[in-house]
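Mind folding the following:
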Amino acid sequence: MKKSIVYILSNIDKALAFEWIATRLNKDKFALKFILLNPGSSALQKFLIKENFKVYSIKYTGKKDLPKAFIEIYRILRKENPSLLHTHLFDASLIGLAAGKLAGINKRIFTRHHGNQHHAYFPKAVRYDKLINALATTIVAPSVSVKDILVNLENVKPAKVKVIHHGFDLSYFNQVKEVVITGLKHQYNPENQWPVVGVISRYTELKGLQYVIPAFKKIIEVYPDALLILANATGDYKAQVQEHLKTLPEKNYTEIAFEPDIASLYQLFEVFVHVPVAASSEAFGQTYIEALAAGVPSVFTLSGVANEFIRHQENAYVVPYQDADAIYAGMLELIRNQDLANHITDQGRQDVAARFSLPVMISALEALYEQ
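Below you'll find the predicted structure:
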């Protein structure tokens, strides 16, 4: 008999990770259903419906919708009576785990998708993190860093935490089409500027953009036609980022609010930069994996899962936290030293294939669901 599983997600539009899980989880063993909390329809919802998954959509725009969402989820869970539920992201987990407990769902799994942000920036929210931890019967940590936060800062028993790295369909990064790449070049780099430095990061303080931009300003002094591409360019730190951008000539940077074809976008970059400000700023840091899978030589600080496998001048160029001069030196080295760039690109692809392939994650999830 198939085991019934309900996924509860909040504020997700397009998400390849959940598309991959939905389509790759063993359908002979598991019957997967979804509850989506969103302001309206989403790309994920449309995908799931097209793939014939049962989807419940609940309109959710913020805290004012919480009581109604709780009641609706409770009713759905009573109706579906799943063997287990698995929640992702803060709102879905707070509401879904509480409703699941009230509905008598004995196996309640929660994946923690944020690092130490609440401890560092929103200490009042830590109490809600602790409530979510208490409501879950198992917590999935996508990195050892997150497990350390749960155990050492939030007093979760180690036995309750299972480390399962996010998995990636690596063929997605290997099967990009040249015609698509050319189209993106025309769109985002019409003057064919070089070298192109790429950043794919929300505009939040912990991502370290306030150090990337001054570093790139020094790159322009060496390469006047260099271009900085900032993708996923939205977030609560946007005003501060744009103040930094005012120090650059307008021709030397491009902001992209959203580009759905991330695999092709990576191919526009000579160098990729991802420099969170602390070791626990990232819960996981999927851009570490994506950049290496896409074969882009990268400048990194060590945060989230990068602490577990990134090695300086082996699979990336590693720099200290909050150090614009070091970021500049790393970018310059990878632009000028093609032998090093090739070496870390080759090694990076090997490392992500060994650790972060989709089958590895799916196997771990299936084992967890069968316990």
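
Sketch out the low-pLDDT regions of this protein for me.
Applying pLDDT under 70 to the chain picks out no residues at all.

How many residues are close by Leu135?
18 (other C-beta atoms under 10 Å). Just so you know, the C-beta spots here come from the backbone N, C-alpha and C atoms, and that holds for glycine as well.

wait, doesn't it sit right on Arg108?
Yes - if you go by C-beta atoms under 8 Å, Leu135 and Arg108 touch, sitting 6.5 Å apart.

got any residues that touch both of these two?
Leu97, Gly100, Lys101 (C-beta atoms under 8 Å, 6 or more residues apart in numbering).

need these in CSV with secondary structure, neighbour count and distance to Ala239, can you?
Formatted as CSV, the shared contacts of Leu135 and Arg108 follow (DSSP: H, G, I helix; E, B strand; the rest coil; neighbours: other C-beta atoms under 10 Å; distance: C-beta to C-beta, whole Å):
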residue, secondary structure, neighbour count, distance to Ala239
Leu97, helix, 25, 35
Gly100, helix, 29, 39
Lys101, helix, 18, 40
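
could those go into a markdown table alongside distance to Leu228?
A markdown table is the format used below for these (distance: C-beta to C-beta, whole Å):
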| residue | distance to Leu228 |
| --- | --- |
| Leu97 | 41 |
| Gly100 | 45 |
| Lys101 | 47 |
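
Who's the closest spatial neighbour of Leu209, skipping the chain neighbours?
Leaving aside its sequence neighbours, Leu209 sits nearest to Val241 (C-beta to C-beta, 6 or more residues apart in numbering; 5.2 Å).

hang on, the one you found is in a helix, isn't it?
Yes - Val241 forms part of a helix when assessed by DSSP: H, G, I helix; E, B strand; the rest coil.

What separation is there between it and Tyr223?
According to C-beta to C-beta, to the nearest Å, Val241 and Tyr223 sit 22 Å apart.

ok, these two, which is more surrounded?
The residue with more neighbours, out of Val241 and Tyr223, is Val241; 22 against 17, by other C-beta under 10 Å.

isn't the more buried one right next to Ile213, touching?
Yes - contact criterion C-beta under 8 Å: Val241 and Ile213 qualify, at 7.3 Å.

Name the residues of the longest helix along the chain that are buried.
Secondary structure of the chain per DSSP state H: the longest helix is helix 338-355. Across helix 338-355, burial judged by 16 or more other C-beta atoms under 10 Å covers Ala341, Ile344, Thr345, Gln347, Gly348, Arg349, Asp351, Val352.
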